[in-house]
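K.L.:
Here's my sequence, what's the structure:
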Amino acid sequence: MRCRRVLLWFAIWTINCTASKASPYDPHLPDHDPWFEGWYTRVLATDSDLSFGILTGYFPDQALKEPSNFAGILIASSRTNSTRAYQHVPPNITVTDSDGSPVHKQPAKLGDPHFAVHTADKSCNFTANGTAFEASVTAEGAKVTVQGHAAGMPRGPHGETPEGAAAYLPFLHLHWYVYSLATPVTWTFHDPQMTDEPLAGKGFAHMEKNWGRAFPDKWVWAQGMRLNRSMSRECRDKTPDSPEAVFALAGGPLPVATPWLGSAVSVLPQVWLVAYHSKLSNLQWNFRPYDPTVYKVKIDACHGTFRLNATRWRESLVIIIKASADTFAALLCPTDTGFRNGSVHSFAAEAHIEAYMYHVWPLSHAGWQLVEAQDISNVALEFGGQYRC
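P.N.:
Residues are numbered from 1 along each chain as shown. Here you go, the predicted model:
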């Protein structure tokens, strides 16, 4: 009997250890054609006014009309108030487990990522081994490297995806996973046309990935962090503190494979996934349609504005984002035919956020009451597909 218990314990321990070496951030296996996968990391520097993003994606072993591989850099400075895109089409992208072996199974729901992404021309290298990761992208002569050693601030408990249980719906053709809303990192950036020597510093990284058939016909994505700018630069360098507030959102028509709808895609219901975490009032709000959440959204890409109201039960969140039209840069995106220009992206947006809670007592003061308001600078804002101006 004791021997059975030991064998059972050993089996459970083995399963748990195996499962822990996987994460939705890990590579997935294609389950239809076309099918892509891509990783995106955006860094907000704590010791300068820079923010930048690195992107890589591929359509594995697929013959498409447009390029099937992509690597890119986005960078902005609050002094120039503009966003620049460096884009590159590598000849190939190889994705493996961290030990170099081919990806042979779908990743687990829990655990730390273990994988590697490489290109033959060395324009992109990305390795994740547990909570340590290193990434570099070279495009149009510029190069960015990012290193980190912690998963940082997860979007939800137990590494849940923004989609939650909806991630298992078989008709969804696009998925979104946020690995971290804010991970401490070190970074370098060098563009020989801008500076003789590489720039280097520290910051916080937002880390996510997408996989599926293609990006939808239209979408909006946004992300931001409010750093403790009242602290001196020297103190910020010595204090590995997380941002005061972070948010990330994405949405548009329900991402299902409906090429036959054409311009009638507007008949699909809109789906918005929103996360807002704040130290000020100890908020960790994650909104999904099935909470249930009621959304009111207004999109005007021509004026660079986006407004979202998300309300459920006793919680209500208002996010208003604005960016000047001349701060956007065009970016390649995964489509049914490969990577092609599909969105405009700004790192120079401003966000105003208000969080409310409904109070029922005392009756004389029942109603929605403001919990906190935050203004966030250097916000990333993307209008995609038919939402572009």
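K.L.:
what sits against K65?
P.N.:
K65 sits next to 337-338 when contact means CB atoms under 8 Å, 6 or more residues apart in numbering. For the C-beta atoms, the positions are set from N, CA and C on the backbone; glycine is no exception.
K.L.:
what do you get for S136?
P.N.:
S136 is in contact with 54, 124-126, 143-146, counting by CB under 8 Å, 6+ apart.
K.L.:
pretty sure V256 contacts A166?
P.N.:
No - counting by CB atoms under 8 Å, A166 is not a contact partner of V256; they are 11.9 Å apart.
K.L.:
any common contacting residues for those two?
P.N.:
L172.
K.L.:
Point out where this protein drops to low pLDDT.
P.N.:
1-21, 151, 158, 229-240, 257-267 (pLDDT under 70).
K.L.:
Angles on the backbone of the nearest residue to S23 once chain neighbours are set aside, please.
P.N.:
Among residues not flanking S23 along the chain, P113 sits closest, at 4.3 Å (CB to CB, 6 or more residues apart in numbering). Backbone geometry at P113, expressed as degrees, to the nearest 10, gives phi -80, psi 150.
K.L.:
Pretty sure A22 is one of the things P113 touches, is it not?
P.N.:
Yes - assessed by CB under 8 Å, P113 is found in contact with A22 at 7.5 Å.
K.L.:
Can you name the residues that contact H32?
P.N.:
Counting by CB under 8 Å, 6+ apart, H32 has contacts 173, 213.
K.L.:
Repeat that for V297.
P.N.:
V297 neighbours (CB under 8 Å, 6+ apart): 251, 270, 272, 306-309.
K.L.:
Inside strands: which ones of the residues you listed?
P.N.:
Among the contacts of V297, the members found in strands (DSSP state E) are 251, 270, 272, 306-309.
K.L.:
Would you mind listing which of the residues you listed are buried?
P.N.:
Buried members of the ones in strands among the contacts of V297, counted by 16 or more other CB atoms under 10 Å: 251, 272, 306, 308-309.
K.L.:
just checking, R79 is part of a strand?
P.N.:
No - applying DSSP: H, G, I helix; E, B strand; the rest coil, one finds R79 to be coil, outside a strand.
K.L.:
Make residue 1 into 39 and carry on from there
P.N.:
Taking 39 as the first residue, the last one we looked at is R117.
K.L.:
what sits against it?
P.N.:
Contacts for R117 (CB under 8 Å, 6+ apart) come out as D87.
K.L.:
ok, now how distant is it from N266?
P.N.:
R117 is 21 Å from N266, where distance means CB to CB, to the nearest Å.
K.L.:
do T94 as well
P.N.:
According to CB to CB, T94 stands 31 Å off from N266.
K.L.:
neighbour count winner among these two?
P.N.:
Using other CB atoms under 10 Å, the more surrounded residue of T94 and N266 is T94, with 27 against 14.
K.L.:
the helices in the stretch 239-388 of the chain, which residues?
P.N.:
Counting by DSSP state H, counting those that start in this stretch, the stretch 239-388 of the chain has helices at residues 271-276.
K.L.:
In it, mark out all the strands, start to finish.
P.N.:
Remark: strands assigned in the stretch 239-388 of the chain by DSSP state E, counting those that start in this stretch are 256-264, 283-291, 308-316, 321-325, 332-338, 343-350, 353-360, 367-373, 376-397.
K.L.:
Confirm that Q231 sits in a strand.
P.N.:
No - the assignment for Q231, made by three-state DSSP, is coil rather than a strand.
K.L.:
list the contacts for it?
P.N.:
Q231 touches G179, counting by CB under 8 Å, 6+ apart.
K.L.:
The one 10 residues further on too?
P.N.:
Remark: with contacts taken as CB under 8 Å, 6+ apart, G241 is in contact with 81-85, 222-225.
K.L.:
Can I get those residues in CSV including secondary structure?
P.N.:
Output for the contacts of G241, formatted as CSV (three-state DSSP):
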residue, secondary structure
V81, strand
L82, strand
A83, strand
T84, coil
D85, coil
P222, strand
V223, strand
T224, strand
W225, strand
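K.L.:
Please pick the buried ones from the residues you listed.
P.N.:
For the contacts of G241, burial is judged from neighbour counts taken by 16+ other CB under 10 Å, and it is met by 81-84, 222-223, 225.
K.L.:
Between these, which sits nearest G250?
P.N.:
Of all the buried ones among the contacts of G241, V81 has the smallest distance to G250: 25.2 Å, by CB to CB.
K.L.:
So in terms of bridging, what pairs with that closest one?
P.N.:
F90, A243 (DSSP bridges).
K.L.:
before we move on, what about H383?
P.N.:
H383 forms beta bridges with A367, E420, as assigned by DSSP bridges.
K.L.:
Could you do V335 as well?
P.N.:
L346.
K.L.:
The nearest residue to F209 once chain neighbours are set aside - how many residues pack around it?
P.N.:
Leaving aside its sequence neighbours, F209 sits nearest to V294 (CB to CB, 6+ apart; 5.1 Å). Using other CB under 10 Å, V294 has 15 neighbouring residues.
K.L.:
Check A363 too.
P.N.:
Residues within reach of A363, counting by other CB under 10 Å, total 12.
K.L.:
repeat for H403
P.N.:
9.
K.L.:
Now for it: which residues touch it?
P.N.:
Going by CB under 8 Å, 6+ apart, H403 touches H397.
K.L.:
That'll do, ta.
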